[in-house]
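[1] Okay, sequence plus prediction incoming.
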Amino acid sequence: MLQACISNSEDQLRKVEKRRLLLRALAPMAGRKVIQGDVLKTELPYFDICVANIPYQICSPLTFKLLNHQPPFRAAIIMFQREFAMRLVAQPGDKLYCRLTVNTQLHARIFHLLKVRRNNFRPPPKVDSSVVRIEPRKPCIEVKQEEWDGFLRIGFNRKNKTLGSIFRQKNVITLLEKNYRTVQALKLSQEDLLNETDTKMDFSSFGDDQGMEMDDDDDEMEVEDGEADEVQSEFNDKVLGVLKEGDFEDKRSSKLSRQEFLYLLSLFNKAAYHFYNVFPLFKSILFL
Ligand SMILES: C[S@@+](CC[C@H](N)C(=O)[O-])C[C@H]1O[C@@H](n2cnc3c(N)ncnc32)[C@H](O)[C@@H]1O
């Protein structure tokens, strides 16, 4: 059939070659189901490999959807906007190292495969691209995702400030103290709080603001609107004691590895300091 199409015309030869390559690429798909739909809204079936050239506005939600997928797949090879890709593969100390980096690298190993320059496309888009390989960690790391997210938000609030300075901020201490008092009032154990380990990542909080917004400022994002005054109280001294215990007071989030973040969070939790709003838990216990 294909042979019959062959002609001397260079254009047609190119078309035939394209078609031959396409048929070869699709051969393993024979008998497979094709699902048509919005990838973000579609429940994905079991899959082993994901290969995708995606519109860049869905970089963050798609990445987190894939990382939440169970059972974990073998690998995803995806082309991302260059800067997003460099954030995924950044290492402590790199300019692009951020909350997105730590969060994704907690759940997956990420490799930069190749750069694709804008001029490789016709017409050229406005940005360069990179192809990366994402391999979910197996077994997956068990964390309470809300706790981890809350902790990283605070840590990367001013990623180049020392943790000592961040954990003197009024809004940070107020959050920790409120949670601490709730936990104490209910005499909740570590197990009560962390038992329902929720490894699911809430990618809704990782809008493209988190994934792509990049400025020259140190600031990642605010914990919440409002003042960031420093406080000095007995409670604050105790919180700083946790930082000192792990030798973290003079360290900066921009240079901490994910293992160090995990360790520091474990020290805080051991001392009953929590970073997510425990109040709903309090309410659910009251209304049992
Ligand atoms: C960058 S193009 C890649 C096209 C083609 N796969 C290729 O590699 O040449 C991205 C494609 O994803 C489709 N797309 C955009 N948003 C999508 C979504 N939420 N779910 C599924 N496909 C989407 C677009 O219609 C477009 O065809």
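    Now that the structure is in, tell me what you want to look at.

[2] So which helix or strand of this structure has the lowest pLDDT on average?
    For the chain, using mean pLDDT, DSSP states H and E, the weakest element among its helices and strands is helix 2-5, scoring a mean of 34.

[3] buried sites along the next helix-or-strand element following that helix?
    Beyond helix 2-5 in the direction of the C-terminus, DSSP states H and E gives the next helix or strand as helix 10-26. Taking 16 or more other Cβ atoms under 10 Å as the basis for neighbour counts, the residues of helix 10-26 that come out buried are Val16. In this view, the C-beta of every residue, glycine as well, is placed from N, C-alpha and C.

[4] And stretch 142-157, by the same measure?
    Residues of stretch 142-157 classed as buried under the neighbour-count rule (16+ other Cβ under 10 Å) are 143-157.

[5] From the residues you listed, pick the one nearest Leu176.
    When the buried residues of stretch 142-157 are compared for distance to Leu176 (Cβ to Cβ), Ile154 wins out at 8.8 Å.

[6] Quick check: next helix or strand after the strand or helix carrying the closest one?
    Under the criterion of DSSP H and E, Ile154 resides in helix 145-155. Using DSSP H and E, the next helix or strand after helix 145-155 towards the C-terminus is helix 163-166.

[7] Outside of that following helix itself, list whatever touches it.
    Contacts to helix 163-166, defined as Cβ atoms under 8 Å, 6 or more residues apart in numbering, come from residues 154-155, 157-158, 172, 230, 240, 243, 248-253, 264.

[8] where's it relative to the chain centroid, distance-wise?
    For helix 163-166, the distance from its own C-alpha centre to the chain's C-alpha centre is 23 Å (Cα atoms, centre = their mean, to the nearest Å).

[9] Repeat that for stretch 246-260.
    Offset of stretch 246-260 from its chain centre (Cα atoms, centre = their mean): 18 Å.

[10] And that stretch, end to end?
    One end of stretch 246-260 to the other measures 9 Å (Cα to Cα, to the nearest Å).

[11] quick revisit: restrict the contacts of helix 163-166 to the buried ones and give me that as a ChimeraX selection.
    With 16+ other Cβ under 10 Å as the criterion, this ChimeraX line picks the buried residues out of the contacts of helix 163-166:
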select :154,155,157,158,172,240,243,248,249,251,252,253,264
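
[12] Which of the contacts of helix 163-166 scores worst on pLDDT?
    In terms of pLDDT, the weakest of the contacts of helix 163-166 is Glu230, which scores 72.

[13] That residue contacts Ile173, correct?
    No: with contact defined as Cβ atoms under 8 Å, Glu230 and Ile173 do not form a contacting pair (9.0 Å).

[14] on that earlier part again, so what does the helix holding Ile154 touch, helix or strand wise?
    Contacts of helix 145-155 with other secondary structure elements, assessed using 3 or more Cβ pairs under 8 Å, 6 or more residues apart in numbering; DSSP states H and E, are made with helix 99-107, helix 163-166, helix 258-270.

[15] how about a cut-off of 10 Å?
    Taking 3 or more Cβ pairs under 10 Å, 6 or more residues apart in numbering; DSSP states H and E as contact, the helices and strands that helix 145-155 lies on are helix 99-107, helix 163-166, helix 170-186, helix 258-270.
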